[in-house]
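In: pasting the structure only:
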DNA sequence: TTGTAGGCGTTATCAG
DNA sequence: CTGATAACGCCTACAA
């Protein structure tokens, strides 16, 4: 900056003002400064600006790399964040909650106190992750996204799993099904247990009795869907409909049905949950629950941004409405 | 820091030394400082450290959010980066090359000159992306990952597409196939056109003649694979084998074969490229080319780190070897 | 419209 | 082993 100032015969202050877009600078001076800056390849040093403003210019996104980074879900979420953050001067910093450094339960708070980030999103943490508990009373601008957090002092956004499962169950019962089975997800994910519990509660409330084995465990992947599918479709009485706790497992069930020469949806109705892109492309296209993930990201980002502006900690737990997407894997059961 | 120093009756310097782990501090003093720091909830301010050291503590990762963020590929890559970067004090900053701010072709260089990041990975850029051209002579520690860049002054890491296609073609020819069709990817991706060209070159070299329509366009998704598959499998003479330029399209082809009541692999052999997790889980499991993406990320990260340490710009173009994974979608053609 | 002084929180350097 | 001073590059506040 000194160089540019000297080159123009001005003080650093004037150069600074030009780059801040400060209005009280004559057009001629501004011109001179900008051209000198270009010539000298000068760019304001963000590091110094940061120290001055006590701002990192980064919003942290903490997530398990292994489980989530490659998912459509994460991609949608970040696009939602990005839509809101694009003109705010904030960029994204990425942290792996599975990394060793996250063994330190205070890690998240540290990132903030050290001013490595100005705020944080925690995306779909595992339920038992230590650090969640440590979050509640730390005064960190932080939002948990994608899981309903039991601690009521932590701000969170999540899709309404219970509502989604109700939509699926109602749909199937309305079609005339009474033997509805369920394949759950990893039990350390809050959403997975929530989906399973919602299924049980719904059927109980509607007084639909199902045998114990109609609730199968799964791992949110095709493989486990196929295995559970084979088991269920070979069991007696065979279910007439199967709800998988996510779309990937539903694909596995569809394969198992095919292997057993059962027609979808005539012999067996199948539902998923998530509405990943493949679900509409698969044949037959999958009946599932659509989560407005991008919108959830946008809402979360707006709230965080707002909190940062007012220097407050975000509060409140928000559940986003989901919608049923009826495609071609569900129909009335055969007589 | 002043507070802690005062509390201990020491100078800031000593506090600083304690936090830097500087050896020349008496154990008693160290103890005193640490306990005071804990009491006062003091953490060194990274922003000030950054200004002092002229280091951002961030490695930028620039990628198209929409196309790549949700891919297994990206996830593997970042895990590779992470393995190498974990104890270096660098974290990751994420930038969307599709964002408006990237219309500025100098954006990448700017991120570096402003010290927003200390180095950059550019992941699988689109071929025509403007900014790639502007990269060559900027002295920015930058590595392009996942695409072979024509500009020889830009450092890059990529998997050897040509070798991968050769492996697939050789495999099929060895099984006795002579009618081998191909479904390509989006032509603005360097790897997609490279795969298609490699296919053409290989068959020409082996003097295998195929009709024009055996090369179909695709969009790297299931849908386009299914469409191209239907077209090819209905064409006369029908190919006995189809290579899809990625696994997703291969799944589409498998579906189309099923819809036409063709047996895989007896009636039609199908290959993919990428070896995404679903490929081994699908039924039948897909013959494909495995790219060591995580290793590529590790190698790239090591090189970048090394360059940063020596204050040099990384150089050179590296192609990573791929491997053929023969599963159950390929077999000798029927007589 | 432009300039001067001081401070943001840390660390390198040199002195004690 | 510990302390004083200056510097990192910028911006706020005030002065001219």
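Out: Yes, it's here. It should be emphasised that the depicted structure is a prediction, and the values quoted were computed from it without experimental measurement.
In: for residue A:24, which three-state class applies?
Out: When classified by DSSP: H, G, I helix; E, B strand; the rest coil, residue A:24 comes out as coil.
In: got the contact list for it?
Out: Listed by CB atoms under 8 Å, 6 or more residues apart in numbering or on different chains, the contact partners of residue A:24 are residue A:17. Glycine gets a C-beta too; all of them are placed from N, C-alpha and C.
In: so who does residue A:270 touch?
Out: If you count contacts by CB under 8 Å, 6+ apart, then residue A:270 has A:241-242, A:244, A:250, A:253-254, A:257, A:264, A:286-287, A:329-330 around it.
In: quick check: buried residues in whatever helix or strand residue A:199 lives in?
Out: For residue A:199, the element it lies in under DSSP states H and E is helix A:190-205. Judged by neighbour count using 16 or more other CB atoms under 10 Å in any protein chain shown, the buried positions of helix A:190-205 are A:190-196, A:198-199, A:202-203.
In: which pair of these spans the longest distance?
Out: A:190 and A:203 (20.9 Å; CB to CB).
In: do I have it right that residue A:331 meets residue A:174?
Out: No: Residue A:331 lies out of contact with residue A:174 (CB atoms under 8 Å); the separation is 11.6 Å.
In: need the residues of chain A near DNA strand D, please.
Out: Residues of chain A found near DNA strand D (CB under 7 Å from any atom of the strand) are A:1-2, A:12-13, A:16, A:19-20, A:44-45, A:47-49, A:51-53.
In: what subset of these is buried?
Out: Buried, going by 16+ other CB under 10 Å: A:1, A:16, A:19, A:44-45, A:47, A:49, A:51, out of the residues of chain A next to DNA strand D.
In: which residue ranges of the stretch 201-335 of chain A form strands?
Out: A:215-216, A:241-244, A:269-271, A:288-290, A:317-320, A:323-325 (DSSP state E, counting those that start in this stretch).
In: rounded mean pLDDT for the last one, please.
Out: Strand A:323-325 shows a mean pLDDT of 98 in the predicted model.
In: and the contacts of that strand?
Out: Counting by CB under 8 Å, 6+ apart, A:164, A:167-168, A:171, A:275, A:279, A:287-290, A:292 sit against strand A:323-325.
In: how about a cut-off of 6 Å?
Out: Residues outside strand A:323-325 that contact it (CB atoms under 6 Å, 6 or more residues apart in numbering or on different chains) are A:167, A:275, A:288, A:290.
In: just give me the neighbour total for the last one.
Out: Translated: residue A:290. If you count neighbours by other CB atoms under 10 Å in any protein chain shown, residue A:290 ends up with 18.
In: next: the third one.
Out: Residue A:288: 30 surrounding residues under other CB under 10 Å.
In: tell me who's in contact with it.
Out: A:247, A:272-273, A:275, A:279, A:325.
In: not counting sequence-adjacent ones, nearest residue to it?
Out: Spatial nearest neighbour of residue A:288, chain neighbours left out: residue A:272 (4.0 Å); criterion: CB to CB, 6 or more residues apart in numbering or on different chains.
In: near chain B, which residues of chain A?
Out: Neighbours of chain B within chain A, by CB under 6 Å from any CB of the partner chain: A:43, A:45-48, A:50-51, A:65, A:69-72, A:75, A:78-79, A:82, A:86, A:91-94, A:96, A:99, A:113-116, A:222-223, A:255, A:278, A:281, A:283.
In: report the buried members of those residues.
Out: A:43, A:45-47, A:50-51, A:65, A:69-72, A:75, A:78-79, A:82, A:91-94, A:96, A:99, A:113-116, A:222-223, A:255, A:278, A:281, A:283.
In: need phi/psi at residue A:151.
Out: phi -60, psi 120 (degrees, to the nearest 10).
In: that one - how many residues pack around it?
Out: There are 13 residues near residue A:151, going by other CB under 10 Å.
In: do residue A:213 as well
Out: Based on other CB under 10 Å, the number of other residues close to residue A:213 is 11.
In: and it, how close does it get to DNA strand C?
Out: Taking CB to the nearest atom of the strand, to the nearest Å as the measure, residue A:213 falls 59 Å from DNA strand C.
In: now swap in residue A:97 and tell me
Out: Counting by CB to the nearest atom of the strand - residue A:97 and DNA strand C are separated by 26 Å.
In: these two touch, right, that residue and residue A:64?
Out: Yes: counting by CB atoms under 6 Å, residue A:97 sits close enough to residue A:64 to count as a contact (5.0 Å).
In: of the two, who's got more company?
Out: The neighbour comparison of residue A:97 against residue A:64 (other CB under 10 Å) goes to residue A:97, with 23 against 18.
In: show me which of the residues of chain A next to DNA strand D neighbour DNA strand C.
Out: Of the residues of chain A next to DNA strand D, the ones that also sit near DNA strand C (CB under 7 Å from any atom of the strand) are A:12-13, A:48, A:51-52.
In: so residue A:73 is in which element?
Out: Judged by DSSP H and E, residue A:73 forms part of helix A:72-85.
In: check which element follows that helix along the chain.
Out: Helix A:72-85 is succeeded, C-terminally, by strand A:91-96 (DSSP H and E).
In: average model confidence for that next one?
Out: For strand A:91-96, the per-residue pLDDT averages 96.
In: just checking, what packs against that strand?
Out: strand A:58-63, strand B:91-96 (3 or more CB pairs under 6 Å, 6 or more residues apart in numbering or on different chains; DSSP states H and E).
In: residues touching whichever helix or strand comes after the last one, excluding its own?
Out: In this case it means strand B:91-96. Where DSSP H and E defines the elements, the next helix or strand beyond strand B:91-96 is helix B:107-113. For helix B:107-113, the surrounding residues in contact (CB under 6 Å, 6+ apart) are A:43, B:60, B:117, B:131, B:138, B:140.
In: three-state assignment of the first one?
Out: Judged by three-state DSSP, the three-state class of residue A:43 is coil.
In: show me the longest helix that occurs in chain A.
Out: In chain A, with assignment by DSSP state H, the single longest helix is helix A:293-310.
In: which residues sit against it?
Out: Under the contact criterion CB under 6 Å, 6+ apart, helix A:293-310 has outside partners A:73, A:76-77, A:79-81, A:83-85, A:119, A:141, A:143, A:145, A:157, A:314, A:320.
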